[in-house]
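Student: What follows is a predicted protein model with its sequence.
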Amino acid sequence: MDQAATSSSSSSSSSSPRRYTHEEYKETADWLLAHTEQRPKVAIICGSGLGSLADLLEDKTVFPYKDIPRFPTSTVPGHAGQLVFGKLQGRECVCMQGRFHFYEGYDIQTVTFPVRVFFLLGVETLIVTNAAGGLNDAYNEGDIMLIKDHINLPGFAGQNPLCGQNDERFGVRFPCMSDAYDRELRALARQTAEEQGCGGFLQEGVYCMVAGPSYETIAECRLLRTLGADTVGMSTVPEVLVARHCGLRVLGLSLITNMTVTDYDSNQKANHEEVLQTTRNRTQDLERFVSNLIAKI
Ligand SMILES: O=P(O)(O)O[C@H]1O[C@H](CO)[C@@H](O)[C@H]1O
Ligand SMILES: Nc1nc2[nH]cnc2c(=O)[nH]1
C-alpha cells in the first residue's frame, strides 16, 4: 500500500487535514486499557443533558477527559466531561458523559477522536444519543426518535471527518453510508421501546446536522423540513461517519427537546435551558429504554 493512502507519519500539511495518526489513537487506547480491566464491546455517547445514562453503570472506573492523553475537554453545559467504564445490565460499556462539538471550536477530527479510540479498545457497537429540535409536526417535545438516516449539511460544505489522507487500518477511502444506522438494532430498539412502555412516544426518522451554535431561523427550519429532515441538531453525524468507516454498528437516538419554530407569529424561542429541562423530564424513560436495549445487544 502506498504511503499516501496509509501514512502513519505524524506530519500533516494544509492538504492533509488528518490531525491524528494511528499511533496517536492507539496510544490513547493503550493508556485506557492499562488503567482499566474492562473490555467494553458497547460505547455510548451521551447527548446534551443525557449524561445520567452513565450514572447507571456499575463497577465504574471514571476518567475525567483532562486526565486522558490527547482527549479534548467538554465546554457545553449538560456535558460533564468524563469517560465512564462500567457494567450496564451485566454488559461492559464505555460511556462518554459529554461529547465534543464543532461549534466549540474543535476541528471535525478532534470532535470524532474518541470514536477511533473506542474502535481500538475493541468496541463493536456505538450508541449515539442527542438532544434535537423537532421539525416533523407529527412529533412532540419529549418524543424519542430512532435515527434511520441523516443529512450531513456541514459535510456538504467540506466538513467531513474522513477528509484528508485515508488510513486503511481504520477503513476504506469511500465508505458506504446508506446503511449507517443498523436495521437490526433499530428493530431491537422498537421492540424494547414497546416492552418498556416507551412505544407511545417513539418515532423513527431523519436527523439533520447543522454546525451551530446558533439555532435555526424560521426559514431554515422550513428548508430543513423540505429537505426531508425530521430533527435537527449540532452533533452526532461526524461520530457516525467515523464509526461506520471503521465498521462499528451504530444505533442513534434523538430526544426531541423542543419543537422548532416555523411560524412567524410564534413567540417561542429555542434555548438550551429548555433543551436541558426536557431531557430531565425524560431521563427515567430513556434510562430504562437504553439499559434494557443494551442487555439485548
Ligand atoms: O447534540 P447534543 O450534544 O445532544 O446537543 C444539542 O443541544 C445543544 C443545543 O441546545 C447542541 O449542542 C445540540 O447539538
Ligand atoms: N440545531 C439545533 N439543535 C438543537 N438541539 C436541541 N434542540 C435543537 C434545535 O432546535 N436546533
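Tutor: Received, thanks. Ligands and ions are numbered 1, 2, ... in the order given.
Student: tally of neighbours for whichever residue of the chain sits closest to ligand 2?
Tutor: The chain approaches ligand 2 most closely through G133 (2.2 Å), counting by C-beta to the nearest ligand atom. Where C-beta positions appear, they are placed from N, C-alpha and C, glycine not excepted. Residues within reach of G133, counting by other C-beta atoms under 10 Å, total 26.
Student: I'd guess it is in a strand, am I close?
Tutor: Yes: secondary structure assignment (DSSP: H, G, I helix; E, B strand; the rest coil) places G133 inside a strand.
Student: ok, and the closest non-adjacent residue to it?
Tutor: Of all residues not flanking G133 in the chain, T260 sits nearest, at 4.2 Å (C-beta to C-beta, 6 or more residues apart in numbering).
Student: In this structure the one you found contacts C221, no?
Tutor: Yes: the pair formed by T260 and C221 meets the contact definition of C-beta atoms under 8 Å, at 4.4 Å.
Student: out of these two, which sits in the busier spot?
Tutor: Neighbours per residue (other C-beta under 10 Å) separate T260 from C221, with T260 holding more: 27 against 22.
Student: How about the backbone phi and psi for that one?
Tutor: Backbone torsions for T260, taken as degrees, to the nearest 10, come to phi -70, psi 160.
Student: Could you pick out the residues of the chain near ligand 1 for me?
Tutor: 47-48, 76, 99, 101, 130-131, 212, 233-235, 272, 275 (C-beta under 6 Å from any ligand atom).
Student: let's see it at 8 Å
Tutor: Proximity of the chain to ligand 1 (C-beta under 8 Å from any ligand atom) is limited to residues 46-50, 76, 78-79, 99, 101, 103, 129-132, 212-213, 215, 233-236, 255, 257, 270-272, 275-276.
Student: Show me just the buried residues among these.
Tutor: The neighbour-count test (16 or more other C-beta atoms under 10 Å) applied to those identifies 46-50, 76, 78-79, 99, 101, 103, 129-132, 212, 215, 233-236, 255, 257, 270, 272, 275-276 as buried.
Student: rewinding a little: what sits against the residue of the chain closest to ligand 2?
Tutor: For G133, the contacting residues are 215-216, 221, 231-233, 256-260, 270, taking C-beta atoms under 8 Å, 6 or more residues apart in numbering as the criterion.
Student: How about D182?
Tutor: The neighbours of D182, taking C-beta under 8 Å, 6+ apart as the test, are 249-251.
Student: if we take those residues, which one ends up nearest to A243?
Tutor: V250 (5.3 Å; C-beta to C-beta).
Student: Pretty sure that closest one sits against V237.
Tutor: No: in this structure V250 lies outside contact range of V237 using C-beta under 8 Å: 10.9 Å.
Student: Which residue of those two possesses the greater neighbour count?
Tutor: Neighbour tally, V250 and V237, criterion other C-beta under 10 Å: the higher count belongs to V237, 32 against 21.
Student: hang on, isn't the more buried one packed against G155?
Tutor: Yes: contact between V237 and G155 holds when scored by C-beta under 8 Å: they sit 7.1 Å apart.
Student: Need the overlap of contacts for the two.
Tutor: M209.
Student: Phi and psi next, for K148.
Tutor: K148 has phi and psi values of phi -100, psi -10 when expressed as degrees, to the nearest 10.
Student: what sits against it?
Tutor: 181, 186, 204-206.
Student: residues in contact with the residue of the chain found nearest ligand 1?
Tutor: With C-beta to the nearest ligand atom as the measure, the residue in the chain that lies nearest ligand 1 is G47; the distance is 2.7 Å. Under the criterion of C-beta under 8 Å, 6+ apart, the neighbours of G47 are 99, 128-131, 233, 235-236, 254-255, 279.
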